[in-house]
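Q: Take a look and give me a structure for this.
(one chain, ligands or ions: 1)
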Amino acid sequence: MSKDKKMEVADNLREFMDILREAGELLEIKREVDPCLEITEIADRAVKEGREAILFHNVKNSPFPLLINMFGSKRRMELSLGVNDLNEIGDRIMDLMKFKKPEKFSDKFDILPKLMEIAKYPPKTVKKAPCQEVILNNEEVNLDLIPVVTCWPKDAGPFITLPMVITKNPETGIQNIGMYRLQKYDKTSTGMHWHLHKGGAKHYKMYKEKNISRMPVAVAIGGDPASIYSASAPLPPEISEYIFSGFLRRKNIELVKATQSDLLVPAEADFILEGFVDTSEELKLEGMFGDHTGFYSLADYYPVFHVTAITHRKNAVYPTTIVGIPPMEDAWMGFATERIFIAITRILIPEITDFHMPPEGTFHNLIFVKIKKEYPGQAMKVMHGIWGLGLMALTKIIVVVDDFIDIQNAQEVWWYALANIDPQRDIIFSKGPTDILDHASSEFAFHTKMGIDGTKKMPEEGFKRQWPDVISMDSAIKEKVNSYYSEIMKDSKHGKGFR
Ligand SMILES: Cc1cc2nc3c(=O)[nH]c(=O)nc-3n(C[C@H](O)[C@H](O)[C@H](O)COP(=O)(O)O)c2cc1C
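A: Numbers count the residues shown, from 1 in each chain. Got it, this is the predicted structure:
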């Protein structure tokens, strides 16, 4: 598929697999594989080798095929969101926010159509939906039907890893959709691993405070890839993931009322698990689980999700992922989040020109930020801004560099930052909430943070000597060498350089 072609956007997993097939991005395996550990070993190798998405047609003891690694490359992330380049989405958001000063009265209304684009594709509700082609109630409910993967040897059981967990704010009725793993306990119940800082956990707390014991929950699995991705996106609370995925797709998504509650679920999903969390019930031990940090996250107590109905498409496909020592498939989901949310970050902290979360930092451990520095202490101002911003507040280490550095190139960032610091002067420590998966913090969910100011220093920042220039070649010489370099190198082997 040509990169310039107008991108299609998939309405469901089947259409997405067609797009992947056409792009040469889908590997279909007919051989029987075991969902217990064996799929992980294959997927772990495949993602690290930069291979295609894999559709396992024949999963041991399951009637359903299993799709893995569907987001596991930059190209597939772009295909899943229907763009040629992930930066297009950040640019669209930035464009929405660029308000020019009104010159005449009628200009005051010009921004409205732009802002309306965010809500231009609101979800549509339908009466009949593919996700309800088969409805299983009461004794028919059996999670064993789904090929849930046991990922790693010390995992406490099989885990559903790409779910869209749908809950409703009991006061406003606004739904939240979050991706929280579900440990399968038995045929009708799972764990509900929403972390303390997440939308689902906040709703749970509200139900509990109101003494409402039965909290309706629905879990969608599969469906259109943009909606699956949106469940993992760090949207501000009360911004609907359905509206966000409509915005990403430039196309509405269809919703249908769940069969046992008034929750609205994606009509094109492959499976819907309907049920409830009982807020008066004791929490249950969840985990261990081989996590995206590359370590087993320790067992802890979480609510139980009781499944009272399973609905599914007749030809459902079960999508899943594995996490583990990075880089894994979720690194590409995180990369999409970075490219999309840069726009919002720049609106709130305007001197940031770009940021990058390298996969080895597993999202919360490390952020590289580059800024246009204009005044003393600005790098530190930016650090404090990030530590106050949504889920970015969980960041453990922030490295700030100047604007001309290639922020996606970790070697360049470290070279520049390490050269520019006098540790005692340029490193600050702070305290705040941590990602609850941080096993090194002395306290649960609370830790110290470090900011490294790798920018060029100003006299007011305590630097009184002369600052040296960064080496760079004369542009005329560069152009001259450009004109013959490939010619003189044509017989040379292209190695990997130092690394
Ligand atoms: C594959 C994958 C698995 C995840 N598992 C969890 C999880 O078990 N618990 C959790 O709180 N967040 C998990 N996350 C992160 C959340 O999905 C993410 O923070 C999201 O923004 C939460 O949505 P919310 O802000 O609406 O709560 C996971 C993300 C991915 C990509």
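Q: With adjacent residues omitted, what lies nearest to Leu67?
A: Nearest non-adjacent residue to Leu67, counting by Cβ to Cβ, 6 or more residues apart in numbering: Pro319, 4.5 Å away. Yep, even glycine has a C-beta here, placed from its N, CA and C like the rest.
Q: Residue numbers of the chain in contact with the ligand?
A: If contact is defined as Cβ under 6 Å from any ligand atom, the residues of the chain in contact with the ligand are 161, 176, 178-181, 193-195, 198-200, 232-234, 321, 323, 330, 333, 391.
Q: mind listing which of these are in strands?
A: 176, 178 (DSSP state E).
Q: neighbours around Asp491, how many?
A: When neighbours are defined as other Cβ atoms under 10 Å, Asp491 has 5 of them.
Q: got it, and Ile344?
A: Applying other Cβ under 10 Å, we find 18 residues neighbouring Ile344.
Q: same thing with Met288?
A: Met288 sits with 18 neighbouring residues when counted by other Cβ under 10 Å.
Q: How about Val307?
A: Applying other Cβ under 10 Å, we find 23 residues neighbouring Val307.
Q: Now do the contacts for it.
A: If a contact means Cβ atoms under 8 Å, 6 or more residues apart in numbering, then Val307 has 141, 143, 188-190, 273-275 as its contacts.
Q: cool, and Asn69?
A: Contact partners of Asn69, counting by Cβ under 8 Å, 6+ apart, are 43, 46-47, 51-54, 76, 321, 329.
Q: Please flag which of those sit within strands.
A: Using DSSP E, the subset of the contacts of Asn69 located in strands is 53-54.
Q: Which of the contacts of Asn69 are buried, as a ChimeraX select command?
A: The ChimeraX command for the buried members of the contacts of Asn69 (criterion: 16 or more other Cβ atoms under 10 Å) is given here:
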select :43,46,47,51,52,53,54,76,321,329
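Q: As a markdown table, the contacts of Asn69 with distance to Pro350 and pLDDT would be great.
A: As requested, these are exported to a markdown table (distance: Cβ to Cβ, whole Å; pLDDT from 0 to 100):
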| residue | distance to Pro350 | pLDDT |
| --- | --- | --- |
| Ala43 | 40 | 98 |
| Ala46 | 41 | 97 |
| Val47 | 36 | 97 |
| Arg51 | 40 | 98 |
| Glu52 | 40 | 98 |
| Ala53 | 38 | 98 |
| Ile54 | 42 | 98 |
| Arg76 | 32 | 98 |
| Thr321 | 35 | 98 |
| Glu329 | 33 | 97 |
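Q: the domain parsing of this structure - what is it?
A: Domain assignment for the chain, taken from automatic domain parsing, gives 1-325, 349-461.
Q: ok, Pro153 touching Leu37?
A: Yes. Using Cβ atoms under 8 Å as the test, Pro153 is close enough to Leu37 to be in contact (6.6 Å).
Q: My guess is Gly385 contacts Ile349. True?
A: Yes. Under the criterion of Cβ under 8 Å, Gly385 lies in contact with Ile349, with a separation of 4.3 Å.
Q: Tell me the predicted confidence for the residue lying closest to Asn142 once chain neighbours are set aside.
A: Leaving aside its sequence neighbours, Asn142 sits nearest to Lys187 (Cβ to Cβ, 6+ apart; 4.7 Å). Predicted confidence (pLDDT) for Lys187: 98.
Q: Also the one 3 residues further on?
A: Thr190 is assigned 98 on the pLDDT scale.
Q: Show the contacting residues for it.
A: With Cβ under 8 Å, 6+ apart, Thr190 has these contacts: 143, 160, 182-184, 273, 304-305, 307.
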